[in-house]
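# Return a 3D structure for these sequence lines:
(chains A, B, C and D)
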Protein chains: 2
Amino acid sequence: MKKLSVKKGQILQHKGDINTKVYIVKSGLLRSYMIDEKGKEHIFMFAPEGWLVADSTPPDAAAELFIDAVEDSLVVEKAKDIATEGHDSQKLINRLQVLQKRIIMLMSASAIERYEHFVETYPDIVQRVPQRMIASYLGITPEALSTVKRQRLKER
Amino acid sequence: MKKLSVKKGQILQHKGDINTKVYIVKSGLLRSYMIDEKGKEHIFMFAPEGWLVADSTPPDAAAELFIDAVEDSLVVEKAKDIATEGHDSQKLINRLQVLQKRIIMLMSASAIERYEHFVETYPDIVQRVPQRMIASYLGITPEALSTVKRQRLKER
DNA sequence: TTCATTTCTTAATCTACATTAATGCACCGC
DNA sequence: GCGGTGCATTAATGTAGATTAAGAAATGAA
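I've put the predicted structure just below:
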């Protein structure tokens, strides 16, 4: 746990970093963001005074997000301490991971890509629920899901 | 903390409920979902065996999500116990709230509505960051944000 | 089984937002 | 000051996915 003074534009965390930290903003403004395959930037969150920014992946996994300073800022850096966490907190952290990934997909992937990702991540669910629910989860209509699946068939 | 046996289609939580619980799925499949102003259903998450479903709002606030059973399921219901949580866990819970709201907005609101919500929720941030970053946060292009703002001006 | 209801698919049309491109501005550093 | 680079705005055109509509297939109740 240490205090940092960061200049506007300074990057605190890169995508791919491991053993990433948690940042608590004392003054100024940070943001976390991702960059998609087309090079397009998507801001995940802004963190003004009092907020916490972090990549919600396991401490030893590669970060999905960049974190940098939008304004000159004072920041406290802390380790992701799993030790202090109770039995249920692990479930909370897991939930954060899932929600972060969900936002990333919604912001930076097409319907086709979201479907691919869904099938890979939840192969059993695909079998167990009606198509219209999968469409609803993906944020598209059942009609659009039908065409997505048709396109996938054509491609092989 | 009690065990529940729920039938397919049974609703465990309604939007607007207060003092909502946390559900841990032992078998079967639950889902959480929202219904927008147009009556359209958007699935927020699926929760198969081993998962946890809950509305990530404070225990005493009105729930944003419905929770029901997609299959006959066995579920453990627990209270949202803030007591056991450490100093930092509150920040995690707060984060969950923000991410849940963000997903709801991304799935069920138009660019204009997301902008309105952003301005209301983060009025100071609007002043402090360049337009292109707001666009990036909202998931639209700076060009689209320009037209959104123009339309807002016309409307008053 | 049979009938009714819901779900899935296909196709035609529509629309919100993206892309492209051009112009005017602000903010640099020299 | 002046030239450059990036930012915001406007407008024209393009496109992913929504909407509408209709028929086919699956599901479920009596």
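# Briefly note if the longest helix seen in chain A comes near DNA strand D.
Across chain A, the helix with the greatest residue count (assigned by DSSP state H) is helix A:89-108. No. Using Cβ under 7 Å from any atom of the strand, helix A:89-108 stays clear of DNA strand D, with a minimum separation of 10.4 Å. C-beta: built from backbone N, CA, C; applies to glycine.
# Let me see the contact set for residue A:33.
The contact partners of residue A:33, taken as Cβ atoms under 8 Å, 6 or more residues apart in numbering or on different chains, are A:41, A:42, A:43, A:44, A:65, A:66, A:67, A:68, B:136.
# just to revisit the earlier point, so does the longest helix of chain A get close to DNA strand C?
No. Using Cβ under 7 Å from any atom of the strand, helix A:89-108 never reaches DNA strand C; the gap is at least 9.7 Å.
# show me the contacts for residue A:36.
Counted by Cβ under 8 Å, 6+ apart, residue A:36 has contacts A:42, A:108, A:109.
# Please read the previous query as pertaining to residue A:114.
With Cβ under 8 Å, 6+ apart, residue A:114 has these contacts: A:105, A:106, A:138, A:139, A:140.
# make it 10 Å
Counting by Cβ atoms under 10 Å, 6 or more residues apart in numbering or on different chains, residue A:114 makes contact with A:102, A:105, A:106, A:108, A:137, A:138, A:139, A:140, A:148.
# do the strand or helix carrying it and DNA strand C meet?
Using DSSP states H and E, residue A:114 sits within helix A:111-121. No. In terms of Cβ under 7 Å from any atom of the strand, no part of helix A:111-121 sits within range of DNA strand C; the closest distance is 11.5 Å.
# Which single one of the contacts of residue A:33 is nearest to DNA strand D?
Nearest to DNA strand D, judged by Cβ to the nearest atom of the strand, of the contacts of residue A:33 is residue B:136 at 9.5 Å.
# The closest one and residue B:90, how far apart?
Distance of residue B:136 to residue B:90, given as Cβ to Cβ, to the nearest Å: 29 Å.
# Tell me which of those two has more neighbours.
Counted by other Cβ atoms under 10 Å in any protein chain shown, residue B:136 and residue B:90 do not tie: residue B:136 has more neighbours, with 22 against 11.
# ok so, going back, now do the longest helix of chain A, average pLDDT.
Mean per-residue pLDDT for helix A:89-108: 92.
# again with stretch A:42-62
The pLDDT scores in stretch A:42-62 average 94.
# Could you do stretch A:18-27 as well?
For stretch A:18-27, mean pLDDT is 94.
# Just the CA trace of it, in CSV.
In CSV, the C-alpha atoms belonging to stretch A:18-27 read as follows (Å, rounded to 0.1, in the frame of the first residue of the first chain):
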residue,chain,number,x,y,z
ILE,A,18,-0.3,-9.6,-14.1
ASN,A,19,-0.4,-9.2,-10.4
THR,A,20,-2.4,-5.9,-10.9
LYS,A,21,-3.3,-3.6,-8.0
VAL,A,22,-6.3,-1.8,-6.8
TYR,A,23,-6.3,2.0,-7.0
ILE,A,24,-8.2,4.3,-4.7
VAL,A,25,-8.5,7.8,-5.9
LYS,A,26,-7.8,10.6,-3.4
SER,A,27,-8.0,13.4,-5.8
